[in-house]
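Visitor: A structural model of the following input is requested.
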Amino acid sequence: METSSIHWQCKYFDTLTPHELYALLRLRSEVFVVEQHCVFLDMDNNDQFSFHLMGWKENELVASTRLIAPGKVYDHMSIGRVVTSPAYRGMGAGKDLMKVSIEKCYELFGKGPIKIGAQLYLKKFYESFGFEQSGEVYDEDGIDHIKMIKP
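Guide: Model prediction:
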């Protein structure tokens, strides 16, 4: 798959269609709950004040993130719920997803630090985008995480 064939779309929660919302929640459940064997409440009441970046290949959602304005969850803007479909991994979709997410954060919220809560095993991946560890390892739903900031 060519990642250039992914169509990127960013929408505020209230403008998502029912089909887009279903695709988002289904992909997040497929990866965070089923694949990672993690029983947690994905719907955490942060979606409603967030922008949702979605990468579509034809009519299939292949990747997405949740973009949150400064002051809503953290002092800084943040990128969360970073997810790529297992069927599209290893093809550059995750890298493209983060590049577009960072660009979109700056476009939506202005230049400034971006904070994430990253799964520890993805530390090097996020460091490749300029993120730096900003806290100790912590457990979130049975998975080691770290806070990271892109200055």
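
Visitor: ok, and what's touching the helix ranked longest in the chain?
Guide: For the chain, the helix with the greatest residue count under DSSP state H is helix 93-109. The contact list for helix 93-109 (Cβ atoms under 8 Å, 6 or more residues apart in numbering) reads 1, 3, 6, 8, 10, 51, 53, 55, 62-65, 67, 69-70, 77, 79, 82, 84-85, 114, 125-126, 128-129, 150. In short, each C-beta sits where N, CA and C put it, glycine included.

Visitor: filter those down to the ones in helices?
Guide: Among these, the members falling in helices (DSSP H) are Phe125, Tyr126.

Visitor: who's in contact with the spatially closest residue to Ile143 that is not a sequence neighbour?
Guide: Here the nearest residue to Ile143 in space, its sequence neighbours aside, is Gln119; by Cβ to Cβ, 6 or more residues apart in numbering that works out to 5.7 Å. Residues near Gln119 by Cβ under 8 Å, 6+ apart: Ile143, Asp144, His145.

Visitor: all set, thanks.
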